[in-house]
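# Next come a sequence and a model predicted from it.
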Amino acid sequence: MGGMSRSKRGVSPQPLIAVRDVLRSTRWYCSLLGLQPLGESVEDTHGNVYNRLFLDEQLVLQLHAWEDEEHPNLMDENDSQHGHGVLLWFAVEDFDAVVARARKLKAEVVEEPHVNAAARHHEMWLRDPDGYLVVVASPDGEARV
């Protein structure tokens, strides 16, 4: 899985978050969202420093360990609240299956599954192992309001 598909419009979001344990976060996101890691297995990380998570050939999320490799903004883990003001938002085709996987992971639920009337879709808000706020949402317009 070395390739990455490109957006037809020339822009492809590739968020990267700093985490305490790349391997644990790789397992969590792969389990929740049905993603595949860059390597041959979940354990195949860059020395538990970095991993890239894909759906098919599309890069969905990058994970990087705090304090490793001295990258700007990935140092001083305790300097601020992680992800304050940022939501990791994932539109998913199989909302009910993702909710079931979140329950199996015993993920911290911030908001139970509900209908967002403005977007007319279902949402569930969670915290990942590092405390980042994660939202999974069904396709826009799928929920009847």
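Cool, the structure landed.

# List the contacts of residue 24.
Listed by Cβ atoms under 8 Å, 6 or more residues apart in numbering, the contact partners of residue 24 are residue 129. All C-beta atoms are positioned from the backbone trio N, CA, C, and that covers glycine.

# correction: residue 125
By Cβ under 8 Å, 6+ apart, the contact set of residue 125 is 109, 110, 111, 133, 134, 135.

# Give the buried subset of the residues you listed as a ChimeraX selection command.
To isolate the buried ones among the contacts of residue 125 in ChimeraX, judged by 16 or more other Cβ atoms under 10 Å, type:
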select :133,134,135
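
# can you list the domain ranges for the chain.
If you go by automatic domain parsing, the domain ranges for the chain are 12-77, 85-145.

# weakest of those domains by average pLDDT?
Ranked by mean pLDDT, the domains of the chain bottom out at domain 12-77, which scores a mean of 82.

# Tell me the spatial nearest neighbour of residue 133, not counting adjacent residues.
Excluding the flanking residues, the one nearest residue 133 by Cβ to Cβ, 6 or more residues apart in numbering is residue 87, at 5.2 Å.

# And residue 91, by the same measure?
Computed as Cβ to Cβ, 6+ apart, the closest residue to residue 91 that is not its neighbour in sequence is residue 137, at 5.4 Å.

# quick one: the one you found from residue 111, how far?
11 Å (Cβ to Cβ, to the nearest Å).
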